[in-house]
Structures are given as C-alpha cells and as structure tokens.
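In: curious how this folds, go ahead:
(2 chains)
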Amino acid sequence: NAGVMQNPRHLVRRRGQEARLRCSPMKGHSHVYWYRQLPEEGLKFMVYLQKENIIDESGMPKERFSAEFPKEGPSILRIQQVVRGDSAAYFCASSLEQGQSSGNTIYFGEGSWLTVV
Amino acid sequence: GIQVEQSPPDLILQEGANSTLRCNFSDSVNNLQWFHQNPWGQLINLFYIPSGTKQNGRLSATTVATERYSLLYISSSQTTDSGVYFCAVAPYGNNRLAFGKGNQVVVIP
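Out: Below is the predicted model of the structure:
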C-alpha cells in the first residue's frame, strides 16, 4: 500500500541552478497538492493540480516556480534560478476526491528538503 | 483566509502522562486534519475529523464544528509521541489546507 512518494528526499543546489521535485500520488488519487515548510513554521499551500490541469496556484510565487501533473508520470514542482530563500521542505500530498467525505482526506509524502548554497 | 491557532505552542511531558492539544479556527470548515511531524520531518496523518469524535489507540480527537475548535488527546504518552502536532483546516469551496503553527511536544522518559 504505497503512500505518496516523493523524490529526491534531499537536494542541494547552488544559487541560480534549477531544482526539480517529483511526486507520485497514492494509487487511485487524482488530486495533487504541493506545500512548502520554511524552518520553524507550519506548511503553506502552494498549488493544487489534477491530471493535466492546474486548479489553484494562488499560493505559488509568480516567478521562477511552476508545477505540472501530466497525464502520464509524476507531478513535478520546478524552481528555476534558485535563491537561498527557497531552502525549505517541500511536501506533496494527494487525495481521492474533493468533497464532504472521508475520501477528502489528504495524505502527505515524506517531503523533499531543498538546500540552496 | 481562514486562521488557525494552536495551543499550547510547547509542551513537555513525562512519559505516561496525558495531554490535550487545542486548535481554534476562524471559519466553517469542510476538512480538518491532525498530523504528527516526527523528529525526522515525516508528516503522519492522524485524523480526518471535520466534526465528531474519533479514537485510534492512545490518541483521540474531537471537533466541535459549531464552536470552531478541535482537541487532540494523547493518553499514556510515550517518547515516540515527541514531535510537532499540526492542525490543518480547509473551508467550504476549496481543498487548500491552512495549517496552524503546531504544538511542539517533547516526551521525556
């Protein structure tokens, strides 16, 4: 019963490089979310996707950040030209559905820790 | 957006003690979940509980939706209960979870 799978778990990038974080949702889940956790803080919503569609990107920085969830393959969070302030833990989550039921439960992956040096 | 406040922010417990963590939220919610982030950073889903009461082993949770709060009870605490407990809610109409700042719990042997 595989959960939400994220890779890499840890990533080190120099300032100006690109970071790509991958997420495979739980089996059967078509809703994917990305959250960011800065040191000593709670998680902040970034983006919500369904297959091939961005549903809500209101929490995503307008520049350098992008996300996709293609028809085949994992969801990708891409950060271009990384800066030190991008250092954080990035969590992916998935759910079966959106609505008023236990299928609305959102399950989180183990996170990807990005360090920008 | 919806505000989530958790209390107490920090808690030190002797092994075997019981504790209650509280989560207040500022609007009606469609989703409320409690998570445990262990010292390795893993975020473990504890409860999906937008209303009512649930129990899972030594943990139980109660949400009183009309009064906009939720409680997480830890009984007979163990050192493995250490970590940060997060309450997260989503309002009606969207599935964006808003997280509180967490309850940092340390259980000492």
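
In: for the residue in chain B that chain A sits nearest to, list the residues it contacts.
Out: In chain B, the residue that lies nearest chain A is residue B:99 (3.7 Å; Cβ to the nearest Cβ). C-betas here are computed from N, CA, C, even on glycine. Applying Cβ atoms under 8 Å, 6 or more residues apart in numbering or on different chains to residue B:99 gives the contacts A:35, A:42-44, B:4, B:86-88.

In: same question for residue B:95.
Out: Per Cβ under 8 Å, 6+ apart, neighbours of residue B:95: A:31, A:33, A:48, A:95, A:98, A:104, A:106, B:30-31.

In: part of a helix, is it?
Out: No: counting by DSSP: H, G, I helix; E, B strand; the rest coil, one finds residue B:95 to be coil, located in no helix.

In: so what pLDDT did it get?
Out: At residue B:95, the model reports a pLDDT of 80.

In: how about residue A:1?
Out: Residue-level pLDDT assigned to residue A:1 equals 51.

In: how about the one 4 residues further on?
Out: On the pLDDT scale, residue A:5 is placed at 95.

In: which residue, other than its chain neighbours, is closest to it?
Out: Distance criterion Cβ to Cβ, 6 or more residues apart in numbering or on different chains; nearest residue to residue A:5, sequence neighbours excluded, is residue A:24 at 4.4 Å.

In: what do you get for residue B:70?
Out: Nearest to residue B:70 is residue B:63, by Cβ to Cβ, 6+ apart, at 4.1 Å.

In: so is that neighbour in a helix, a strand, or just coil?
Out: strand.

In: check contacts around it.
Out: Going by Cβ under 8 Å, 6+ apart, the list of residues near residue B:63 reads B:32, B:49-53, B:69-71.

In: mind telling me which residue of chain A is nearest chain B?
Out: Residue nearest to chain B within chain A (Cβ to the nearest Cβ): residue A:42, separated by 3.7 Å.
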